[in-house]
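Visitor: Generate coordinates for the sequence data below:
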Amino acid sequence: MGLGFTGFAYGQATTGNIFGTAPAGAGETVVVKGANGTAREVTVGADGRYSVSGLPVGRYSVSLQKGGQVLASQDNVTVTPGGGTSVPFAAASATNAQNLGAVQVVASALPAIDVTSVNSSTIITAADLAKLPVQRSAESIALLAPGTASGSNYFTGPGNHSLVSFGGSSVTENAYYVNGYNTGEPYKNLGGFQLPYGAIDQQETLTGGYNAKYGRSDGGVINQIGKRGTNEWHFGAQVAWEPRFLEWNPVNNYYGHPAVPASTSQVNYALENPALAGTLHQYRNDNKKWETIYSAYVGGPLIKDKLFMFLAAETTKTQSNNVELASAAKVQYNTDKDTKFYGKLDWNITENNVLELTALKNRSSLGAGSTYNFDYSTLKSGAFSTNNDVTKDNAQFYVGHFTSYITDAATLSILYGKGKFQDPTVYARSADSALPFISRPYNEDPTLLPPGTGPNGINNGQPNTSWLSSSASNGTHGLRVDFDYKLGDHDLAVGIDNMSYKARNQGPNQQNPFNPALNYYWRYLPGTVVEKREIGWQTSMTMNQKAYYLQDTWQVTSNVLLEVGVRNDHFTNYNDVGQAFVDEKNQWEPRIGASWDVNGDSSFKVYGNVGRYYLALPDNAAERAANISTYLTTDYSYTGIDPATGVPTGLTALGPTTSPDGEKGVPKDPKEVTARNLKPEYLDEFIAGFDKKLNDNWNYGAKAMWRDLKTAIDDECSPGHIATKMAAQGVDPATTSPGGAYYDSLYGASYCRLINPGQTNTMFVKSADTTHPDLLVSMTQQDWGYQQGVKRKIGSLDLYLEHPFDGKWQGRVDYTYTRGFGNTEGQVRSDFGQADVSKTEDWDSWQLMDGANGELANVRKHQLRFRGAYQITPEWLVSGTLLVQSGYPQECLGYYGPGGSGKAYYGPGKPGDPSGYNNYGSGNYHWCHGVRMPAGTVGHTPWTKLLNLGVHYSPAFAEHKLGFNLDVFNVLNEQKAVQTDPTGESAYNRTTNTIGINNSYGDGIFFEPPRAVRLSVTYDY
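Guide: Here you go, the predicted model:
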């Protein structure tokens, strides 16, 4: 069988293709009909091949006809997004051409391998979701795909869903689509909005290799296709319940007894607070949740064969307890509510013109409830403290998609969509609302505390360090136009892909709404020192992303397909007054893929792919980098502590107010905040693999992937290096005193500038007066002091064995081996949860990067996956999923450099002194106890084994339309730590002139969830 002509697409694809062979004879046609009214007829070519492209995802009947007579047919042919489905009627031959009446469908118990695909994707259908015990989120479905890993729980997306890393990239480097429109979280690109679970027709999880039509991701793509109405009316409903009494107790978390590594140069280290060792760090036994989900749908024809509708709604109510850390001594009783609505209209205007309208709404309310005091001596809740703050996340999308099959050779597709988002936080007023937040009360001087105060010190009920706006909002709109034309053995495509973003009142505000005079919080340090922190950068910004592409899918021979394309992206980011501070043009992205149908019968495919993928900066890039921001710190000694509020008294300033990154609350010049020759982040990807039929029941295959991050964007915060370079070129940056020609430019609004680490960056330095010219200063990697540039290299090998569903059972097992090395995770920092996208602490100074070259946070060396289902009888089905993986690379972060006990590690001043190199503090450098410690050198978290099982009963007396389901998650009840505290050293103690060991170093931060049970009842008519 030949490959056939495909015209396929990936990533945002909402359509697929059917292709195959038939006896070559005059007047033959292939007719494809769908339950959604779609009807297409194409002529079989002289070579016996045919292809029907641009078919909406769904099920079809395919028939070979001549003169109106059906010669052969096949029903229930499934079309997947961006894929090709083979329906061969017979091998093309002169004999068959003379005997058309004898043609029969070539049927197989095993679906043919898709030889038209050169990408790496996993497609999970609604039928799969009905069988498998999977949590109800797009990310949980995505974790069924090889090459994916759960991101750090520091980062969550809409609906409070945990996020996913693809191929070792950071969690902000992915793209989300629903029915072809980008539904990614619009501000930081942390996750995306998704369909009601029961409205998912298919989810494509794309882990690499997509063609030039799609971009803006160097991680992965989650592409959801929603259900649509057909010529038959269908409706259904579901109730799902995860009861509290069927959830096992989460494990408690105790302070450990962290010790100094044997290789340390320190000799007299001691725990920061020895009284905490072995005590309860967090009581977690009662931190349970219980959840109820109601969903319903209806779909059918408004006008048969012409106009169809589908509506679905889902509401999830989750209640939970959260006993906070012992230092906070509070317990929260929370109620979260998440409601989704999905509506779709499909209008077959004519046989060749189709209009699709999609509406998607999501209303989320997180954290409603109350907070009470918690007594860690009795492990009981106490007096009411405050009502909880409520975080809202309301989104709505409207998408129109017009497709015109102009001729059998020409297809035009136009998609336009808009998204509106409101994400305010509603703060509750309480007795402590007007008080400042108290950080690290366990460092309060015990000699100043009342008798009987425990080792965790005195705190109050203020939960906030800063404040978010009640009018925070975002908006997006996008236009995509694609034109495909088949010319001989070529399928030529050209198109545009444009998106615009607008954000308003995003980020934290330093001013307390209940006490306008309060714009700070207190952070206790060891000894009698307390730090005052003033933080805030609430702001607005916009962003445009434009692209065009050219693509040729060339049928080189009957069984060799070559895909050659090029994409050009243009990204522009604007500050709060509409000035562009990033403008990246002419990002040329070549994409080349090939597929070889070795045996010519879709039984053995060898394929490969090479491509370049660019990633835009999200809207969030303007926050802190280009707009006004404030981050001020002042150290004080204190002589007393308020016994009711924990607020220090008797304050004496120990030095001037400083800013770690020079954020002093004044406007920034857009020319100065980015390198003038800034390049966007991109990686190069290489894939090679094969898929092969083992026999009529099994497929197997292997795939190797290599990803190399070539360029990244992050900020440096070392203006002194620019001044040094200027001085070396004969320019005095300060003209002997602060306030001189260039001093204010270097040290004024912000120390930090966006650069390409490791590249030569041209920095704009503005003169402070009219007698000196503005300058362009060329900064090499050596000028910044970096030992190396950006490095993130990840290679993987996946081996799989699959038994597709044959009416009785299905199963697939994957083993993935991955190795990753580098000095940057990507746009965020998972180890301590820094979500300043492309503005992390990485690259702020060369000292912060010394020792950064090690293992990568999102790489798991070994992964074993299994998913399967077995139909015991027509009424009973059992299913399961298993994910076994090696652990997270652990770290020990501390002060920079080797040094001796109680002395400066490097440079002037003591650790923590802004005049030295350690102004970022004790938990930020890849040095610990005087030893350089790259990630992974201190070990890994334990291996984890997550087993989920399901039992499904659909009784015959209800014609199998009624279903009773039992799903058990984490059957083994394994609750190992999946991430631990990386901070190895405590803050420098000015009183004793020593540095201690952080009490919580190595303690679990996030754990596997305990065993839980979900009961559900479904009815589908």
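Visitor: Every contact and neighbour count from this point should use C-alpha atoms.
Guide: OK.
Visitor: need the strands for the stretch 401-550 of the chain, in chain order.
Guide: 410-422, 425-426, 438-439, 473-487, 490-506, 521-525, 529-536, 539-557 (DSSP state E, counting those that start in this stretch).
Visitor: Show me the shaky parts of the stretch 201-350 of the chain.
Guide: 260-268 (pLDDT under 70).
Visitor: now do 90
Guide: 210, 214, 257-275, 327-328 (pLDDT under 90).
Visitor: longest helix anywhere in the protein?
Guide: The single longest helix within the chain, with elements called by DSSP state H, is helix 719-728.
Visitor: what packs against the helix or strand following that helix?
Guide: Using DSSP states H and E, the helix or strand that directly follows helix 719-728 along the chain is helix 743-747. Other helices and strands packing on helix 743-747, by 3 or more Cα pairs under 8 Å, 6 or more residues apart in numbering; DSSP states H and E, are helix 719-728.
Visitor: buried set for the helix it packs on?
Guide: 719, 721, 722, 723, 724, 725, 726 (16 or more other Cα atoms under 10 Å).
Visitor: Closest to residue 383 out of those?
Guide: Nearest to residue 383 among the buried residues of helix 719-728, counting by Cα to Cα, is residue 719 at 50.8 Å.
Visitor: Which of the strands of the stretch 401-550 of the chain sits closest to residue 630?
Guide: Smallest distance to residue 630 across those (Cα to Cα): 5.2 Å, for strand 529-536.
Visitor: So which bits of the stretch of helix or strand residue 128 belongs to are buried?
Guide: Here residue 128 sits within helix 126-131, counting by DSSP H and E. Neighbour counts over helix 126-131 (16+ other Cα under 10 Å) mark 126, 128, 129, 131 as buried.
Visitor: With stretch 578-598 instead?
Guide: In stretch 578-598, counting by 16+ other Cα under 10 Å, buried: 579-584, 587-597.
Visitor: can you tell me which of those residues are in helices?
Guide: Using DSSP H, none of those sit in helices.
Visitor: which residues touch stretch 350-364?
Guide: With Cα atoms under 8 Å, 6 or more residues apart in numbering as the test, stretch 350-364 has contacts from 38-40, 159, 179, 193, 195, 336-349, 392-406.
Visitor: after the helix holding residue 128, next one along is what?
Guide: helix 138-142.
Visitor: Check which helices and strands that next one is in contact with.
Guide: Using 3+ Cα pairs under 8 Å, 6+ apart, helix 138-142 sits against strand 200-208.
Visitor: Could you list every helix and strand in contact with the very next helix or strand once past the strand it packs on?
Guide: The C-terminal neighbour of strand 200-208 among helices and strands, as given by DSSP H and E, is strand 221-226. Using 3+ Cα pairs under 8 Å, 6+ apart, the elements in contact with strand 221-226 are strand 175-178, strand 200-208.
Visitor: Longest strand in this protein, please.
Guide: Taking DSSP state E as the criterion, the chain has its longest strand at strand 353-375.
Visitor: list the buried ones in that one?
Guide: For strand 353-375, by 16+ other Cα under 10 Å, it's 353-374.
Visitor: what's the least confident helix or strand in this protein, going by average pLDDT?
Guide: helix 94-98 (a mean of 43; mean pLDDT, DSSP states H and E).
Visitor: Switch the strands of the stretch 401-550 of the chain over to CSV; also include mean pLDDT, distance to residue 995 and mean neighbour count.
Guide: What follows is these, written out as CSV (pLDDT from 0 to 100; distance: least, Cα to Cα, whole Å; neighbours: other Cα atoms under 10 Å):
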stretch, mean pLDDT, distance to residue 995, mean neighbour count
strand 410-422, 96, 45, 19
strand 425-426, 89, 39, 18
strand 438-439, 94, 19, 22
strand 473-487, 96, 44, 19
strand 490-506, 96, 38, 20
strand 521-525, 95, 11, 22
strand 529-536, 93, 14, 22
strand 539-557, 95, 38, 21
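Visitor: Which among these is found nearest to residue 44?
Guide: Shortest distance between residue 44 and the strands of the stretch 401-550 of the chain, using Cα to Cα, is found for strand 473-487: 14.5 Å.
Visitor: Next, name the residue at the spatial heart of the protein.
Guide: residue 171 (3.3 Å; Cα atoms, centre = their mean).
Visitor: Touching, that residue and residue 162? I think so.
Guide: No - using Cα atoms under 8 Å, residue 171 is not in contact with residue 162; the gap is 9.7 Å.
Visitor: Residues that sit against both of those two, list them.
Guide: In contact with both residue 171 and residue 162: residue 151, using Cα under 8 Å, 6+ apart.
Visitor: quick one: buried residues of stretch 221-238?
Guide: So for stretch 221-238, counting by 16+ other Cα under 10 Å, buried means 221-231, 236-238.
Visitor: from the residues you listed, which two are the most distant?
Guide: 221 and 231 (31.5 Å).
Visitor: remind me which residues of the stretch 701-850 of the chain are low pLDDT?
Guide: Using pLDDT under 90, the stretch 701-850 of the chain drops low at 718-720, 730-751, 766-773, 806-807.
Visitor: could the buried residues of helix 719-728 be laid out in JSON lines, adding distance to residue 305?
Guide: Shown next, in JSON lines, are the buried residues of helix 719-728 (distance: Cα to Cα, whole Å):
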{"residue": "719", "distance to residue 305": "67"}
{"residue": "721", "distance to residue 305": "70"}
{"residue": "722", "distance to residue 305": "69"}
{"residue": "723", "distance to residue 305": "72"}
{"residue": "724", "distance to residue 305": "74"}
{"residue": "725", "distance to residue 305": "72"}
{"residue": "726", "distance to residue 305": "73"}
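Visitor: and residue 398, how many neighbours?
Guide: Neighbourhood size, residue 398 [other Cα atoms under 10 Å]: 17.
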